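Undergrad: got a predicted structure plus its sequence, pasted below:
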Amino acid sequence: MIRAAVFIDGANLFFTQRHLGWQIDFSRLMAFFMSGYASVQANYYVPASEPVSEENAAFTRVLTAHGYRIISKPVKKIVNKVTGEIIIKGNLDVELVVDALSKVDLYDTFILFSGDSDFLPLLRALRDKGKEVIVYSTQGVSARELLTEPDVAFYDLSMFRDRIGHFRSGEALHDDTASAPGDHHFPLTLPDVGEQFTGTVLKVKPYGIFLSNPYHAKCLLPLSFLGVSRHITDLTAIVRMSDLFDVTVFHVNTAKEIPEITVKLADKDMAEAISSRIEG
């Protein structure tokens with residue numbers, strides 16, 4: 001089972017999308033990768049400016065709802081004492097590199113969304129560790145070194161609009177121009193009750209576990225649906241971010257702006273593992 005970790009350089013991707021002339025639908029992007037890997041951890045790195053606009057707040061809510069972990073830090077304004085020029089700094093390259101290396105045991109495939117050649121040392125280090133390394137960007141904004149680096153797969157985002165692009169209501173979707181890893185297709189509809197899928201841990205709350213899923217939905221595995229008879233006082237201390245949950249769809253709520261799915265654990269081995277952690 002191949003595990004993927006997606007690392008998105010938000011600032012670089014902003015200019016990439018402007019160059020392409022279309023926006024990425026991040027719910028479709030998550031589903032795109034979920035169709036090709038057993039698990040997907042997605043990280044979005046972006047500088048934070050104050051005050052936070054309603055548009056940025058809404059974008060953050062969408063990313064979080066669809067399983068992205070957002071890493072940000074405040075933008076710094078540095079004044080050149082000689083010229084009086086204000087320089088804006090908000091680079092998170094170091095944070096991305098540190099996370100990629102510190103979590104290297106949690107994934108098999110490293111996927112980078114950036115055209116910045118500063119990440120070449122990281123790509124080479126991960127390749128030397130036996131990781132599959134993939135870069136998504138586009139020609140025109142991506143460094144030439146990324147396109148030609150040996151044993152690094154480069155995918156041009158211009159070929160993926162029909163798979164991950166944001167389309168307005170009534171706008172036509174065409175045949176796929178590119179395939180997801182493994183050449184699978186992702187579902188464009190919500191699941192029926194009783195359907196099964198495997199989800200990775202996005203967030204753990206006292207009342208349940210939020211899971212990734214290929215349906216563009218907010219997915220909750222409630223504490224009461226874990227199939228564990230023993231009393232759990234602290235679910236966050238028991239569930240691990242590397243856990244995989246085979247679940248069955250129990251309820252689908254389409255009344256919300258972002259659909260909600262409630263699931264039940266269908267994996268007896270995982271239920272037993274959780275029980276053993278309680279005892280331990």
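TA: Yep, it's here.

Undergrad: okay, residue 22: pLDDT?
TA: Predicted confidence (pLDDT) at residue 22: the value is 91.

Undergrad: run a quick neighbour tally on the nearest residue to it once chain neighbours are set aside.
TA: Take residue 22 and drop its neighbours on the chain: the residue closest to it by CB to CB, 6 or more residues apart in numbering is residue 165, 5.1 Å away. (Glycine included, C-beta is placed from N, CA and C.) Residue neighbour count, defined by other CB atoms under 10 Å, stands at 18 for residue 165.

Undergrad: hmm, residue 21 and residue 165 touching each other?
TA: No: Residue 165 lies out of contact with residue 21 (CB atoms under 8 Å); the separation is 10.2 Å.

Undergrad: shaky segments in the stretch 1-150 of the chain?
TA: 50-52, 75-81, 84-90 (pLDDT under 70).

Undergrad: which residues in it form helices?
TA: Taking DSSP state H, counting those that start in this stretch as the test, the helices found in the stretch 1-150 of the chain are 10-20, 26-34, 54-65, 93-102, 120-128, 144-148.

Undergrad: report the buried residues of the last one.
TA: Using 16 or more other CB atoms under 10 Å as the test for burial, helix 144-148 gives residue 146.

Undergrad: check which element follows that helix along the chain.
TA: Counting by DSSP states H and E, the element after helix 144-148 in chain order, helix or strand, is strand 153-156.

Undergrad: mind listing what's buried along whatever helix or strand comes next after that next one?
TA: Counting by DSSP H and E, the next helix or strand C-terminal to strand 153-156 is helix 161-164. Of the residues in helix 161-164, 161, 163, 164 count as buried by neighbour count, 16+ other CB under 10 Å.

Undergrad: mean confidence score for stretch 213-228?
TA: Taken as a whole, stretch 213-228 carries a mean pLDDT of 85.

Undergrad: for that stretch, how far is the first residue from the last?
TA: Stretch 213-228 has an end-to-end distance of 23 Å (CA to CA, to the nearest Å).

Undergrad: ok, stretch 106-126 next?
TA: Start-to-end, stretch 106-126 (CA to CA) is 13 Å.

Undergrad: quick one: that stretch to chain centroid distance?
TA: On the basis of CA atoms, centre = their mean, to the nearest Å, stretch 106-126 sits 15 Å off its chain's mean C-alpha point.

Undergrad: fine by me, we can end here.
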